[in-house]
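Novice: What shape does this take:
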Amino acid sequence: MSVVANGIGRCELGGWLALVALLLLPVACNPTTSAGTSPDNGVSIGQQEAATGAGVSVGSSSPEGSTAADVSGNDPPAAREARERLVRQIEIFDKPWGKGEGWDPRVLDGMRKVRRHLFMPGASIATSYRDTPYPIGYGQTISQPTVVALMTHALKLKGTETVLEIGTGSGYQAAVLSRLVKALYTIEIVAPLGEKAKQRLAELGYRNVHVRIGDGYQGWPEHAPFDRIILTAAPPAMPPALVRQLAPGGIIVAPVGDALQNLVRWTKVGGGLEKETLGAVRFVPMVPGE
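Specialist: As a prediction, this is how the structure comes out:
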């Protein structure tokens, strides 16, 4: 789910800062691995899923997508200061993907407001706001903040969208997206992680997020079509079910490939997909449920 030079987490980044600065090619990793396992190069938040039926809502459904997110306390000055430094660091990359487009300020605001330390139980404040992934158990990690921001930006959100996320993990990416969309449906393969994320998001007031323990390859057809879909793992090719569940004019952002992968943004036009390659990446493979 995030990238880092030391190889902790879902993917190896091999010098992320230098890569972005010199090549503008993000190397990230938000993988889907088989349940409870992880490859040597890291762990995943977009895990392999075993379909288990109906989804689980986090809080009550809000037709307007409103959210009283992060309503509880536990945001000491040290955390606020560290979070602000982290966002300023992300802002350095003021032209995501090298396309000449500045950051969506709503994305940076979401990164500034979501308290990452609450999604990293046991981690210190200093660790929580480093621009690195972090293990969250079950062979999985929370994503690197820069990767979260870049992929969120790539979705081109306006605030009215219904979004499907494949790979919930601790719920951090979902929390960021929650502030930017009408409704978010997120699928997690590792049941204990999904249940913990459900509870955490509910306690923090993210009322427009719904969590399902299931197979991400199958999507969530009961709530399709989706305006946006984001994958935090690399399938060898885009799963057909997800393409079917994308609304006309909708966008998918996902890493795709085997040994060689690209982060790709597709737009659904006239029943087909228009493809835009955003950069070379390395993600853990997305594994289907049994």
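
Novice: Leaving out chain neighbours, which residue sits closest to Tyr129?
Specialist: Counting by Cβ to Cβ, 6 or more residues apart in numbering, Tyr129 lies nearest to Ala82, which is 3.7 Å off, once chain neighbours are set aside. Just so you know, the C-beta spots here come from the backbone N, C-alpha and C atoms, and that holds for glycine as well.

Novice: what sits up against the strand or helix carrying the one you found?
Specialist: Using DSSP states H and E, Ala82 falls within helix 77-91. With contact meaning Cβ atoms under 8 Å, 6 or more residues apart in numbering, helix 77-91 is reached by 103, 108, 111-112, 115-117, 125-126, 128-131, 145-146, 149.

Novice: any idea which of those is least confident?
Specialist: Note: of these, the lowest pLDDT belongs to Thr146, at 90.

Novice: That one: how many residues sit nearby?
Specialist: When neighbours are defined as other Cβ atoms under 10 Å, Thr146 has 26 of them.

Novice: That one belongs to a strand?
Specialist: No. Looking at Thr146 with DSSP: H, G, I helix; E, B strand; the rest coil, it is helix, so not inside a strand.

Novice: Now do the helices in the stretch 51-200 of the chain.
Specialist: Along the stretch 51-200 of the chain, counting by DSSP state H, counting those that start in this stretch, helices occupy 77-91, 105-113, 125-128, 145-154, 172-178, 191-203.

Novice: starting at the chain centroid, how far to the fifth one?
Specialist: Pointing back at helix 172-178 there. Remark: helix 172-178 is offset 7 Å from the chain centroid, using Cα atoms, centre = their mean, to the nearest Å.

Novice: those strands in the chain, which residues are they?
Specialist: Listed in chain order, the strands of the chain (DSSP state E) span 3-4, 11-12, 56-57, 134-137, 140-142, 162-166, 183-188, 209-213, 226-231, 246-257, 261-269, 272-281.
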